[in-house]
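Colleague: how would this look folded up:
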Amino acid sequence: MAIHNRTVLIGTTAITALALCIGNAIAQEATQAAPGNQAIGLEEIIVTAQRRSQSLQEVPVSVSAFSSDALANAGITSAQDLQLVDPSLNITGHSGSVLPFMRGIGNPSATTIGNEASVPVYIDEVYYTRVSPAYLELANIERVEVLKGPQGTLFCRNASGGLLHIITREPSMSEQQLDVAGGYGNYNAVTGKLYASTPLADTVAADISISGRNQSEGWGDNLTTGSDTYKDKFVSIRSKLLLDLTPTTQVQLTGFYVDQTSSKFNLQGTYEGTVNGTPDLYGPAQPRPSLADSGRFYDAINNEDALDEFESWGGSLKIKQELGFADLVSITSYRKAD
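Modeller: Numbers count the residues shown, from 1 in each chain. Sure, this is the predicted structure:
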């Protein structure tokens, strides 16, 4: 019996030693594979979910943060496509505006003038109402933060469902940067993005971001007028001027311009069984012709072509003063939209 126990002890020791050798070999290979023989670790994610820079692990809020690299790796070219990587987020569109929903909470009437979304959209800490899809087509996204649950304490009463915060890149004081991308897709769709940044002086830097798309062929046809339906084109321009007035005082001036023409958010087709009028008031109901059930959902039978035109411009001024124990930040913005 004693010999049997000793044999088990020796076997256990051998297995443990073998596991340690394999673990050391794997660790050594991982260290050698890392650039510069540096240890591999998790990257710290900094967010501003509480209106100040914090590590994501220190924020007591449900936040999904996506860096520009993570969005590029996932094939996300527009913030409107974030619902593909965050299942709690749903972004639809109507009347030339986007409608964000978070965990099923949102305001379907947010496209109406005077009404606001229950999941607001912020870009560089500035609140945007009636968000056009072109606002979300940015070529200089630094990261996107999706805040889940009511955020009324820090972002006012409208953030009852959550918040979508887009943070754009800041111009570099030390080096020039240039990123250019373009593409061509179905329906004769041409896309392009450009981001350029340069230092103007030791304490002054500026950048410009331009993105655009022109889908000249529609997804369907208007069988009455012969025109294409569901076409889309836009251009979005955004620029920043960054000034470090003192080691503790920073001024950031931002300007933007957006122009979009689209017919993608007008569902013109009808389904089988759709009728006009009310039989009790206007006589027998007349069925409307249906294209959706024939597989031609994006076709239309209208006397006029539906079209949404949107143009907006504006800017913001952000002044940040470091006080040692806290930061004093002032943000003033102006926006005009037609």
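Colleague: Please enumerate the helices of the stretch 101-250 of the chain.
Modeller: 152-155 (DSSP state H, counting those that start in this stretch).
Colleague: Low-confidence stretches in the chain?
Modeller: Applying pLDDT under 70 to the chain flags the ranges 1-62, 94-96, 110-111, 265-295.
Colleague: now do 50
Modeller: 1-37, 39-41 (pLDDT under 50).
Colleague: What values do phi and psi take at the most centrally placed residue in it?
Modeller: Geometric centre of the chain, nearest residue: A79, 2.1 Å, by C-alpha atoms, centre = their mean. Main-chain dihedrals, A79, degrees, to the nearest 10: phi -60, psi -20.
Colleague: Endpoint to endpoint, stretch 218-231 covers what distance?
Modeller: In stretch 218-231, first residue to last residue: 5 Å (C-alpha to C-alpha, to the nearest Å).
Colleague: can you pull the buried residues of it?
Modeller: G218, W219, G220, D221, N222, S227, D228, T229, Y230, K231 (16 or more other C-beta atoms under 10 Å). Where you see a C-beta, it was placed from the backbone N, CA and C, and this is true even at glycine.
Colleague: wait, the fourth one sits on D299?
Modeller: Same thing as D221. Yes. Taking C-beta atoms under 8 Å as the definition, D221 is a contact partner of D299 at 5.3 Å.
Colleague: Identify the contacts common to those two.
Modeller: T229 (C-beta atoms under 8 Å, 6 or more residues apart in numbering).
Colleague: So which of the buried residues of stretch 218-231 sit within strands?
Modeller: Mapping the buried residues of stretch 218-231 onto strands (DSSP state E) picks out G220, D221, D228, T229.
Colleague: what's the last one in contact with, if anything?
Modeller: Okay, so that is T229. Contacts for T229 (C-beta under 8 Å, 6+ apart) come out as G218, W219, G220, D221, N222, S263, Q268, Y298, D299, A300, D305, A306.
Colleague: Dump those residues into JSON lines; add distance to A70 as well.
Modeller: Below are the contacts of T229 laid out as JSON lines (distance: C-beta to C-beta, whole Å):
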{"residue": "G218", "distance to A70": "33"}
{"residue": "W219", "distance to A70": "30"}
{"residue": "G220", "distance to A70": "35"}
{"residue": "D221", "distance to A70": "39"}
{"residue": "N222", "distance to A70": "40"}
{"residue": "S263", "distance to A70": "32"}
{"residue": "Q268", "distance to A70": "37"}
{"residue": "Y298", "distance to A70": "32"}
{"residue": "D299", "distance to A70": "38"}
{"residue": "A300", "distance to A70": "39"}
{"residue": "D305", "distance to A70": "39"}
{"residue": "A306", "distance to A70": "36"}
